[in-house]
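>>> sequence first, then the predicted structure, then my questions.
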There are 2 protein chains.
Amino acid sequence: MALIVQKYGGTSVGSAERIKNVANRIAKTRAEGHDVVVVVSAMSGETNRLVALAQEMQDFPDPRELDVVLSTGEQVTIGLLAMALKNIGVPAKSYTGWQVAVKTDTAHTKARIEEIDDAKMRADLQQGKVVIVAGFQGVDSNGDIATLGRGGSDTSAVALAAALQADECQIYTDVDGVYTTDPRVVPEARRLDTITFEEMLELASLGSKVLQIRSVEFAGKYKVRLRVLSSLTDGGEGTLITFEEDNNMERAAVSGIAFDKNQARINVRGVPDKPGVAYQILGGVAEANVEVDMIIQNVGAEGTTDFSFTVPRGDYQPTLELMEKMQESLGAAEIDGNDSVCKVSIVGLGMRSHVGVASKMFRTLAEEGINIEMISTSEIKVSVLIDEKYMELATRVLHKAFDLG
Amino acid sequence: MALIVQKYGGTSVGSAERIKNVANRIAKTRAEGHDVVVVVSAMSGETNRLVALAQEMQDFPDPRELDVVLSTGEQVTIGLLAMALKNIGVPAKSYTGWQVAVKTDTAHTKARIEEIDDAKMRADLQQGKVVIVAGFQGVDSNGDIATLGRGGSDTSAVALAAALQADECQIYTDVDGVYTTDPRVVPEARRLDTITFEEMLELASLGSKVLQIRSVEFAGKYKVRLRVLSSLTDGGEGTLITFEEDNNMERAAVSGIAFDKNQARINVRGVPDKPGVAYQILGGVAEANVEVDMIIQNVGAEGTTDFSFTVPRGDYQPTLELMEKMQESLGAAEIDGNDSVCKVSIVGLGMRSHVGVASKMFRTLAEEGINIEMISTSEIKVSVLIDEKYMELATRVLHKAFDLG
């Protein structure tokens, strides 16, 4: 008998029928002899509906009051799921964030969990009840409702699993696990039985939508055994995200390939090559609250340097305008950019012990005539910026080159 | 400067536009120098939507979980209204029932308020904030959400006004006060400037939909000055519900006329006329959880009696079937009934000091050829059961006979 935390996202509880399906799945886990704590999101569409209502009131809704409104989405789901379970004879009890209590800091709409009281949940589990907790929400030290931000239900589930020292935290989504790459792009993409936290972190931050990155960090920090499964299909073991490093020396160098179209490149050309120029450029961007990803600096002609960086595509125009405004003070010869680029990354813990992974990536792309505009690397990842029209081709040839099929 | 509690019902906050109108109205009251505490209902339609969702889960939704789901309706409104107020520069803060806290007993879906903590609200008022409280809900001694039942927001408002010793509790509805009778039936119906609690209680329980009866009882108990106003039209003093008895001897005998079509009559004929027969009949009805209103017992032929009573129309068929089942044990000769009857009542504190009010009522109806089937009276009310086809006619002629126009 194990204690299992299961998290069901908005799509999984998107209709009355789907909530009933979730109830059946929980009943099955319980029938196998396990204790179950369930974390649920708002029914799909509900959060967007509430945000739209709030924006009709205020262009920038007051964060405290927005949390009051948004937290109702999950509150509806916990009540409905408890009813669905009782309807099939499974004892169940729902809790909002404040009822548990899930204690957070006071950063409304993006609060962080500080502490979870497990007393009520443990008492209910001892009585054989399924405990249902509203994801995405908690209560701060003022007694105010605070939400964790979009995707926060994953974090709620992992935090509850950590607090309860659960044997496993199962994240049910509309995919049946983590794949070597997106199967819609590469039909040969293969579901991974296991992946390490480090790899998952790189994949999550590189645009893989399977798990919210904060929940993965949280799981790593508290050593929570995390599994991604499909709520739509039955059976299947999904992908287990492990914190133990795999000692298999034969481990493949690359575990997966991520890609991200949300990229744009800004070039600041012909800047005088003197200390502080990078700070001057990037400081201005940071002040505008724009997140910079890749950065390169090339020596240009006659004591000048060319400086390039990438930003999210939505920030392309404002950043370009910002640079044009700064052009004179920077002494830059030219400002330009490109918002039809994408980032393709290979990720794998095995890179640590395999040399030549990066060069194999570059050669593979070169053979297809794909020009690499920028490169960034970490210990377990190599990312390249390329023309977005080559994104699918690059992903396919890399998937094949690294034998991921 | 006064402390005013304002309550806005579901129609008044039924859309984004209407919530903004409510915000303007609150801003106006505040600009007049008053402190304002606002109680709101769920946006119209929302409670029905949530009930329907719950019923898809369970034919009879678990009461604790139903309260979890239903209480979200008011929670959304408080957040939105706080945003709307902030948007026009009025400082405001919202509270759910548990945040206040409004403490209730544990009777889910029909809880009663036991205690209200006014500390947070007073602190906010002192800081010049408008306090917005979710109506219809509280928190019980288990820390569970408990709702007060349909119309409970009126009761929330009166209870808050009592706890805060507010100068006035204003109930905003879609009518602009209490009328001598329904203006849709009698165009000459007149809005009353004042009405006493006793009269309001009789009118509320007789089918007038203006105020929920429990809120009126509550206001009487705690001597809360209560006013009914329209949220849809501007200006107007509405109707003040007073607890002081009006000492004007010239006071009209009758204040208003109420009517109610939700009536059905059951006859149990030819029952042996011996002690205990009324208890035997009505005990059975009470056990079936049916509310009996009017009751008469007539001496019949040869030591038997005819027994008649009225029930809500929705309970007519089951009650008739129940009586037919009991016929043999009662020794009744015949069971029949009539579900096309209605109740018309005249209400007025002045009846106490005016003789002949009832006989004037009976004469007026007789002159129109309207047969009276049953009569019930209290100190300040006379009700008659008549054929429902005469309901409008009876109301009109009584309204005229008692000079209410």
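That came through, no problem.
>>> list the contacts for residue A:215?
The neighbours of residue A:215, taking C-beta atoms under 8 Å, 6 or more residues apart in numbering or on different chains as the test, are A:151, A:154-155, A:157-158, A:171, A:226. From N, CA and C alone the C-beta is placed, and that goes for glycine too.
>>> pretty sure residue A:173 sits against residue A:227.
No. Here residue A:173 lies out of contact with residue A:227, judged by C-beta atoms under 8 Å, at a distance of 10.9 Å.
>>> before we move on, the earlier item: from the contacts of residue A:215, which single one is nearest residue A:352?
Nearest to residue A:352 out of those is residue A:226 (C-beta to C-beta; 22.0 Å).
>>> tell me which residues form a beta bridge with that closest one?
According to DSSP bridges, the residues that bridge with residue A:226 are residue A:169, residue A:241.
>>> my guess is it meets residue A:238, correct?
No. Using C-beta under 8 Å, residue A:226 is not in contact with residue A:238, being 9.9 Å away.
>>> so what's the residue count around the residue nearest to residue A:255 when sequence neighbours are not counted?
Leaving aside its sequence neighbours, residue A:255 sits nearest to residue A:348 (C-beta to C-beta, 6 or more residues apart in numbering or on different chains; 4.3 Å). Other residues near residue A:348 come to 25 when the count uses other C-beta atoms under 10 Å in any protein chain shown.
>>> these two touch, right, residue A:348 and residue A:357?
Yes. At 7.4 Å, residue A:348 and residue A:357 qualify as touching, with contact defined as C-beta under 8 Å.
>>> what do these two both touch?
Common neighbours of residue A:348 and residue A:357, counting by C-beta under 8 Å, 6+ apart, are A:253-254.
>>> backbone dihedrals for residue A:263, please?
Main-chain dihedrals, residue A:263, degrees, to the nearest 10: phi -140, psi 140.
>>> bridging residues for it?
residue A:341.
>>> mind checking pLDDT for it?
We have a pLDDT of 93 for residue A:263.
>>> same question for residue A:207.
What the model reports for residue A:207 is a pLDDT of 57.
>>> excluding chain neighbours, what is closest to whichever residue of the stretch 301-405 of chain A sits closest to chain B?
Here the residue of the stretch 301-405 of chain A nearest chain B is residue A:314; by C-beta to the nearest C-beta that distance is 24.9 Å. In space, and not counting its chain neighbours, residue A:314 is closest to residue A:262: 7.7 Å by C-beta to C-beta, 6+ apart.
>>> my read: the one you found touches residue A:313, true?
Yes. Contact criterion C-beta under 8 Å: residue A:262 and residue A:313 qualify, at 5.1 Å.
>>> okay, the two: which has more neighbours?
Each of residue A:262 and residue A:313 has its neighbours counted (other C-beta under 10 Å); residue A:313 has more, 17 against 14.
>>> contacting residues for the residue lying closest to that one once chain neighbours are set aside?
The shortest distance from residue A:313 to any non-neighbouring residue, by C-beta to C-beta, 6+ apart, is to residue A:264 (4.7 Å). Residues counted as contacts of residue A:264 (C-beta under 8 Å, 6+ apart) are A:310-313, A:315-316, A:319, A:337-339, A:341.
>>> any idea how far the worst-scoring helix or strand of chain A on mean pLDDT is from the chain center?
Sorting the helices and strands of chain A by mean pLDDT, DSSP states H and E puts helix A:197-205 at the bottom, at a mean of 79. What separates the centre of helix A:197-205 from the centre of its chain is 9 Å, taken as C-alpha atoms, centre = their mean, to the nearest Å.
>>> name the residues that touch it?
Residues outside helix A:197-205 that contact it (C-beta under 8 Å, 6+ apart) are A:178, A:195, A:210-213, A:216-217, A:219-220, A:241-243, A:255-256, A:258, A:345, A:347-349, A:378, A:380-381.
>>> same question, stretch A:355-375
Outside stretch A:355-375, the residues within contact range by C-beta under 8 Å, 6+ apart are A:253-254, A:265, A:294, A:296, A:308, A:310, A:341, A:346, A:348, A:351, A:377, A:382-387, A:390, A:393-394, A:397-398, A:401-402.
>>> from residue B:162, how far off is residue A:126?
41 Å (C-beta to C-beta, to the nearest Å).
>>> looking at the two, which is more packed in?
residue B:162 (19 against 9).
>>> next one: the more buried one from chain A, what distance?
For residue B:162, the distance to chain A (C-beta to the nearest C-beta, to the nearest Å) stands at 23 Å.
>>> list the contacts for the residue nearest to that residue when sequence neighbours are not counted?
Distances taken as C-beta to C-beta, 6+ apart place residue B:222 nearest to residue B:162, at 3.7 Å, with adjacent residues excluded. The contact partners of residue B:222, taken as C-beta under 8 Å, 6+ apart, are B:158-159, B:161-162.
>>> pick out the most distant pair among these.
Farthest pair in the contacts of residue B:222 (C-beta to C-beta) is B:159 and B:161. Separation: 7.3 Å.
>>> the two: who's more crowded?
Higher neighbour count among residue B:159 and residue B:161: residue B:159, with 30 against 27, using other C-beta under 10 Å.
>>> now do the helices in the stretch 51-200 of chain A.
With DSSP state H, counting those that start in this stretch, the ranges of helices along the stretch 51-200 of chain A come out as A:63-70, A:72-87, A:97-100, A:119-126, A:152-163, A:197-205.
>>> let's have these in a markdown table, adding distance to residue A:29.
Shown next, in a markdown table, are the helices of the stretch 51-200 of chain A (distance: least, C-beta to C-beta, whole Å):
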| stretch | distance to residue A:29 |
| --- | --- |
| helix A:63-70 | 29 |
| helix A:72-87 | 12 |
| helix A:97-100 | 21 |
| helix A:119-126 | 13 |
| helix A:152-163 | 14 |
| helix A:197-205 | 23 |
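>>> report the closest residue of the stretch 101-250 of chain A relative to chain B.
Taking C-beta to the nearest C-beta as the measure, the stretch 101-250 of chain A has residue A:143 as its residue closest to chain B, at 6.0 Å.
>>> give me the nearest residue to that residue, chain neighbours excluded.
If the residues on either side of it in the chain are set aside, residue A:143 comes closest to residue B:99, at 6.0 Å by C-beta to C-beta, 6+ apart.
>>> tell me the predicted confidence for the one you found.
98.
>>> what's the span of stretch A:154-174, first residue to last?
For stretch A:154-174, the separation between the terminal residues is 14 Å (C-alpha to C-alpha, to the nearest Å).
>>> ok, now stretch A:161-178?
Start-to-end span of stretch A:161-178 (C-alpha to C-alpha) is 20 Å.
>>> next, the buried residues of it.
Residues of stretch A:161-178 classed as buried by neighbour count (16 or more other C-beta atoms under 10 Å in any protein chain shown): A:161-164, A:166, A:168-178.
>>> and for stretch A:302-309?
Using 16+ other C-beta under 10 Å as the test for burial, stretch A:302-309 gives A:304-309.
>>> in strands, which of those residues appear?
Among these, the ones falling in strands (DSSP state E) are A:304-309.
>>> keep only those that also lie close to chain B.
Contacts with chain B are made by none of those, judged by C-beta under 8 Å from any C-beta of the partner chain.
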